[in-house]
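A.B. asks: Here is the input, now give the coordinates:
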Amino acid sequence: MESILNRPNRIREKQIAYQAESGKAPVYLRGNGKIWFRAYMALFTVSFVGANFQLIQYIRGKAKKVGE
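C.D. replies: Next up, the predicted model:
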C-alpha cells in the first residue's frame, strides 16, 4: 500500500512531453483525436444537411404529412 500512496507525481513531466510531441497540431487532433474529430464532423454535416433539406421541403410544401 505504501508504494501507491507515496509514489512520485509525474503529471507535469507527462504534460510537457505531450505538448512538445507535435507542436503545431491542436490538442484535439493528437493521437486518436483525429479519427474522432473527423467522425464527429461527418455526422454533424450529414445531420445539418438533412435538417436543412427537410426544412426546405416544408417551406416549399412538398414534405409528406404524418400519416400519408
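
A.B. asks: Spit out the contact partners of residue 28.
C.D. replies: By Cβ atoms under 8 Å, 6 or more residues apart in numbering, the contact set of residue 28 is residue 37. The C-beta positions use only the backbone N, C-alpha and C, and glycine is treated the same way.

A.B. asks: tell me the phi and psi of it?
C.D. replies: phi -70, psi -10 (degrees, to the nearest 10).

A.B. asks: And the pLDDT for it?
C.D. replies: pLDDT for residue 28: 83.

A.B. asks: now swap in the one 5 residues further on and tell me
C.D. replies: Each residue has a pLDDT score; the one for residue 33 is 88.

A.B. asks: how far away is it from residue 58?
C.D. replies: 37 Å (Cβ to Cβ, to the nearest Å).

A.B. asks: Compare neighbour counts for these two and give me the winner.
C.D. replies: Counted by other Cβ atoms under 10 Å, residue 33 and residue 58 do not tie: residue 33 has more neighbours, with 13 against 9.
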